[in-house]
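Visitor: Mind looking at a prediction? Sequence and model below.
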Amino acid sequence: MATVQFGILAYAYQVIDAPQFTFHHIGVTRDPVKLGTGQMTIIPTTSVDDCPELDILLVPGPYLGNFDLHPKHADFIRKHVAAGKLLFTSCTGASLVASTGVLNGKAATVNNIEFDWVQNRWPQVNWTREKKWVIDGNIWTGSGAVAAMDMVAYWLKENYGLPVLIQAASTLDYEPRDADGLFNVLPQRYDSKGEKTSTHVFKYYDS
C-alpha cells in the first residue's frame, strides 16, 4: 500500500485571550527526534540539561513494545516530581513514569489496551480501570489521549474557571468528560419541554 502524504500548515495565531503557555519540546539533546508514527520528525526546543524550570511536565505515550526511556529523561521526571511540580501523562505515558519509580504506591491509570501488561510490569503502582483519569498528589494520569484531554480540561476549569474552559472547548467544538466518562462537565442544555439537548454548539451560554 502506498504511503499517504499528509501536510499540516504551520503558522502563528492566538485563539483566545486566555492564560499564556510556553511549550518546550525536551530532548535528551537538541538533535532531531524521529517519532514512531507517521515518519514525523520534531526538533527539540531544549534539552534535559538546558530546560528552564517547568510548572508542568507532560509525558506522552509511546508504543511500549520496543521503547526504553532514556536515563536522562527518567532522571528529569524524578527531579520534576520531587520538586512538587505538576506532572501529566497521556495514554501509555504512565508506564514510562512508572518505570522511574515515582508512581510506586500511588494510584494511576493507563491506556486500557496495555493495562494488563503495564500492571504486571509495575505491580508497585495502584493501577485502576475505574476512572478515565486519576489524580494522586502532583501526578495526573490519563488513560488515553482523549481521556488526557478531558483531564487537562478539568485542570483548566479548576485553575482558570469554567468560562475559560467553555471558550476553549467551544473553539475546538469539543465537550470534555469527567473522570467517570460522563458528559456533565459543561452546563447542560434543555429545550422548552425540559428535554436535554445537545451541547454540540458553539455557544454554551444562552443569550
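Guide: Looks like it came in fine.

Visitor: pLDDT score for Val201?
Guide: Per-residue pLDDT puts Val201 at 56.

Visitor: With the one 5 residues further on instead?
Guide: We note a pLDDT of 50 for Asp206 in this prediction.

Visitor: ok, now Glu130?
Guide: So, for Glu130, pLDDT stands at 93.

Visitor: where does this protein dip in pLDDT?
Guide: The model of the chain has pLDDT under 70 over residues 1-19, 37-38, 199-207.

Visitor: I'd like to know how many residues surround the nearest residue to Ile42 once chain neighbours are set aside.
Guide: Closest residue to Ile42 apart from its sequence neighbours, by C-beta to C-beta, 6 or more residues apart in numbering: Val33 at 5.5 Å. C-beta: built from backbone N, CA, C; applies to glycine. Neighbour count for Val33, taken as other C-beta atoms under 10 Å: 14.

Visitor: residues in contact with Val33?
Guide: Going by C-beta atoms under 8 Å, 6 or more residues apart in numbering, Val33 touches Gly27, Thr41, Ile42, Ile43, Pro44.

Visitor: Now rank these by neighbours and give me the top one.
Guide: Counting neighbours by other C-beta under 10 Å, the top entry in those is Gly27, with 20 neighbours.

Visitor: Let me know whether that one touches Ser47 as I believe.
Guide: Yes - contact status for Gly27 versus Ser47: in contact at 5.6 Å, counting by C-beta atoms under 8 Å.

Visitor: Endpoint to endpoint, stretch 116-126 covers what distance?
Guide: With C-alpha to C-alpha, to the nearest Å as the measure, stretch 116-126 spans 12 Å from end to end.

Visitor: In contact with the closest residue to Leu64 other than its chain neighbours, which residues?
Guide: Using C-beta to C-beta, 6+ apart and skipping the chain neighbours, the partner closest in space to Leu64 is Thr92 (5.5 Å). Thr92 sits next to Gly61, Pro62, Tyr63, Leu64, Val110, Asn111, Glu114, Val118 when contact means C-beta under 8 Å, 6+ apart.

Visitor: mind running it again at 6 Å?
Guide: Residues in contact with Thr92 (C-beta atoms under 6 Å, 6 or more residues apart in numbering) are Gly61, Leu64, Asn111, Glu114.

Visitor: before we move on, what about Trp155?
Guide: Neighbours of Trp155 in contact, by C-beta under 6 Å, 6+ apart: none.

Visitor: distance of it from Pro176?
Guide: 11 Å (C-beta to C-beta, to the nearest Å).

Visitor: Where do the strands of the chain begin and end?
Guide: Along the chain, counting by DSSP state E, strands occupy 26-27, 33-34, 41-42, 46-47, 56-59, 86-89, 107-108, 126-127, 133-136, 139-142, 189-190, 196-197.

Visitor: Please spell out which residues along stretch 164-176 are buried.
Guide: Residues of stretch 164-176 classed as buried by neighbour count (16 or more other C-beta atoms under 10 Å): Val164, Leu165, Ile166, Gln167, Ala168, Ala169, Ser170, Glu175, Pro176.
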